[in-house]
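Colleague: no FASTA, just this:
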């Protein structure tokens, strides 16, 4: 997949910064990065902007990650956008649940450029 | 039910790995003379699964500066209090996930609540009623982590 526009959804500014930095080191330094601090702001943004990849946390206030992803799955504007989840909370069972609602890959925090490269290579990016 | 040694091992492994991978800081268990609860800010994160409890992180100012400057790659003076707190809360979030996986298994379902500042002054904090208190040395700087579980 050609990835030029990436939306990062995480309530922690530090986490958003780390994710962006890891993607840049992993080879996506020319991508345009957009940020949202919760699922509600992310959905609102996605109604106006086209995005190539969404990177989302799970543990967020206002709208948690799973609710956000289910919402994306039901909206015509967003259901085809690939989603990667990056979280401190994932296990195999949650990864399967997320895959069933359209998530392409799940990565455990802490993130690293190597984990991004491995994940996107497995996705054929 | 895990014993204290299992909890201590799970916690220490999580602390060493999380500080190493997120902040590029080498952490070791503290020597005997570093075993006092450090004064400074403390943070906590409640968790619900696979066990219910809380993780507390006690950081003196020097430790906060060291950690935050390493993670954010910015000078302390350039950062706002909000940015600093957010950074430390994210560290605690990752640490809690790692601790619970170490304790209960890699495939455990983890449910963390939102991390928060639990003590916001430089006075000596009251130690909470904890199951376990561990003291660490971050390249010469002491800090402590406590578990209520």
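Modeller: Perfect, thanks for sending it. Remember, predicted model here, so these are calculated numbers, not experimental data.

Colleague: Only C-alpha atoms from now on, for both contacts and neighbour counts.
Modeller: OK.

Colleague: ok, stretch A:4-18 near chain B or not?
Modeller: Yes - using Cα under 8 Å from any Cα of the partner chain, stretch A:4-18 comes into contact with chain B via A:12-15, A:17.

Colleague: farthest pair in those residues?
Modeller: Between any two of the residues of stretch A:4-18 next to chain B, the greatest separation by Cα to Cα is 8.7 Å, found for A:12 and A:17.

Colleague: can you list the residues of stretch A:4-18 next to chain B in TSV and add pLDDT and secondary structure?
Modeller: Below are the residues of stretch A:4-18 next to chain B laid out as TSV (pLDDT from 0 to 100; DSSP: H, G, I helix; E, B strand; the rest coil):
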residue	pLDDT	secondary structure
A:12	93	coil
A:13	94	helix
A:14	94	helix
A:15	94	helix
A:17	94	helix
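
Colleague: which one of residue A:12 and residue A:17 has more residues nearby?
Modeller: residue A:12 (21 against 17; other Cα atoms under 10 Å in any protein chain shown).

Colleague: Mind giving me the packing neighbours of the host helix or strand of residue B:5?
Modeller: For residue B:5, the host element (DSSP states H and E) is helix B:4-23. Contacts defined by 3 or more Cα pairs under 8 Å, 6 or more residues apart in numbering or on different chains; DSSP states H and E place helix B:4-23 against strand B:27-29, helix B:61-72, helix B:81-104, strand B:132-138.

Colleague: strands paired with the next helix or strand after the last one, and their directions?
Modeller: Where DSSP H and E defines the elements, the next helix or strand beyond strand B:132-138 is strand B:141-148. In the sheet containing strand B:141-148, its partner strands are strand B:53-59 (antiparallel), strand B:132-138 (antiparallel), by DSSP bridges.

Colleague: Which secondary structure element is home to residue A:105?
Modeller: strand A:103-108.

Colleague: Please name the nearest non-neighbouring residue to residue 103.
Modeller: Since no chain was named, I'll use chain A. Spatial nearest neighbour of residue A:103, chain neighbours left out: residue A:83 (5.0 Å); criterion: Cα to Cα, 6 or more residues apart in numbering or on different chains.

Colleague: nope, chain B please
Modeller: residue B:10 (5.2 Å).

Colleague: check contacts around the one you found.
Modeller: B:99-100, B:102-103 (Cα atoms under 8 Å, 6 or more residues apart in numbering or on different chains).

Colleague: so what's the backbone phi/psi at residue A:39?
Modeller: Per-residue torsions, residue A:39: phi -60, psi -30 (degrees, to the nearest 10).

Colleague: How many residues are close by it?
Modeller: Counted with other Cα under 10 Å, residue A:39 comes out at 27.

Colleague: can you pull out the helices in chain A?
Modeller: Secondary structure of chain A (DSSP state H): helices at A:13-23, A:39-46, A:65-74, A:92-100, A:113-122.

Colleague: re the thing from before, between the residues of stretch A:4-18 next to chain B, which is nearest chain B?
Modeller: Set against chain B, the nearest of the residues of stretch A:4-18 next to chain B by Cα to the nearest Cα is residue A:14 (5.1 Å).

Colleague: Mind telling me which residue is nearest the centre of the chain?
Modeller: All of this refers to chain A. Taking Cα atoms, centre = their mean as the criterion, residue A:55 is the residue nearest the geometric centre of chain A, at 1.2 Å.

Colleague: let's do chain B instead
Modeller: Nearest residue to the geometric centre of chain B (Cα atoms, centre = their mean): residue B:57, 3.7 Å.

Colleague: Quick check: that one vs chain A, distance?
Modeller: 17 Å (Cα to the nearest Cα, to the nearest Å).

Colleague: Tell me the residues of chain B that contact chain A?
Modeller: B:18, B:21-22, B:72, B:83, B:86-87, B:90, B:93-94, B:96-98, B:106-114.
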